[in-house]
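Q: How does the following fold in three dimensions:
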Amino acid sequence: HQLAHAFQKKQIVVPIIENVKGNAESHAFELLMDAREINPCSPMNHVKCLAACYFDGIGIKADPQEGLRSSIIAAKYDPRAQLELAERINTGNKVKKDPETADTWYRKALEGFRESAKRGDDEAALQCATFYEQGWTVERNLGIAAFWWTRAAQSQKPSIRRIALEKLGAYAVEPAQSGE
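A: Predicted coordinates:
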């Protein structure tokens, strides 16, 4: 129980699960279960990791239904988890393919990314740009994508800035006045 708290507070769940094998997988899985019981909404990394364990049979027998359930819990709070869930459902990756349900999750993800980007999350701005560049659940609009790339291009993170500048250079379009 104390180890589960440590996992949760330090957010070290994903690297540990990815680097353990054999019996250690089962132990790490048990710690993840404890962490989910303690606090099911923060941080979401441990719930997303549990979903991966269930989907891929890491530390436990594969159980796609439980993987889906854990994915939905994480998706209630995190646009990145919403996007992962949408992609899984849209492609039918270990769950029933359902484009209509996937579209609902894509829309929730875009809304969450948009809100995070407005608060200064540069990675979320890149995600917003991708939605408009690709036309995921919205009409493809490179002007709105350019709006979000312009925001991301001001990032302090070199990798985000580089991607945004590359996209702006590749499309050479005027940014829209807003990101919606």
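
Q: ok, and for the helix or strand containing G169, which residues are buried?
A: Taking DSSP states H and E as the criterion, G169 maps to helix 158-171. By 16 or more other Cβ atoms under 10 Å, the buried positions in helix 158-171 come out as 160, 163-164, 167-168. Just so you know, the C-beta spots here come from the backbone N, C-alpha and C atoms, and that holds for glycine as well.

Q: okay, those residues in a markdown table with distance to L50 and pLDDT next?
A: Output for these, formatted as a markdown table (distance: Cβ to Cβ, whole Å; pLDDT from 0 to 100):
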| residue | distance to L50 | pLDDT |
| --- | --- | --- |
| I160 | 28 | 96 |
| I163 | 30 | 97 |
| A164 | 33 | 97 |
| K167 | 34 | 97 |
| L168 | 38 | 97 |
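
Q: Nearest to V138 among the residues you listed?
A: K167 (16.7 Å; Cβ to Cβ).

Q: In space, what's closest to the closest one - neighbours in sequence excluded?
A: W149 (4.8 Å; Cβ to Cβ, 6 or more residues apart in numbering).

Q: And the pLDDT for that neighbour?
A: Predicted confidence (pLDDT) for W149: 97.

Q: hang on, it packs against I160?
A: No. Between W149 and I160 there is no contact under Cβ atoms under 8 Å: 10.0 Å.

Q: Out of the buried residues of helix 158-171, which two sit at the greatest distance?
A: Maximum distance among these (Cβ to Cβ): 12.5 Å, for I160 and L168.

Q: Alpha carbons of stretch 127-146, as CSV, please.
A: The C-alpha coordinates for stretch 127-146 follow below in CSV (Å, rounded to 0.1, in the frame of the first residue of the first chain):
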residue,chain,number,x,y,z
GLN,A,127,-2.3,18.4,-30.7
CYS,A,128,-5.0,21.1,-31.6
ALA,A,129,-3.0,21.9,-34.8
THR,A,130,-3.0,18.2,-35.7
PHE,A,131,-6.7,17.9,-35.3
TYR,A,132,-7.2,20.7,-37.8
GLU,A,133,-4.4,19.6,-40.1
GLN,A,134,-5.8,16.1,-40.4
GLY,A,135,-9.5,17.0,-40.2
TRP,A,136,-10.1,14.8,-37.1
THR,A,137,-13.8,15.4,-36.1
VAL,A,138,-13.5,18.9,-37.5
GLU,A,139,-13.4,20.3,-41.0
ARG,A,140,-9.8,20.4,-42.2
ASN,A,141,-8.6,24.0,-41.8
LEU,A,142,-4.9,24.8,-42.2
GLY,A,143,-5.5,28.4,-41.1
ILE,A,144,-6.7,27.2,-37.6
ALA,A,145,-3.9,24.7,-37.6
ALA,A,146,-1.4,27.5,-38.3
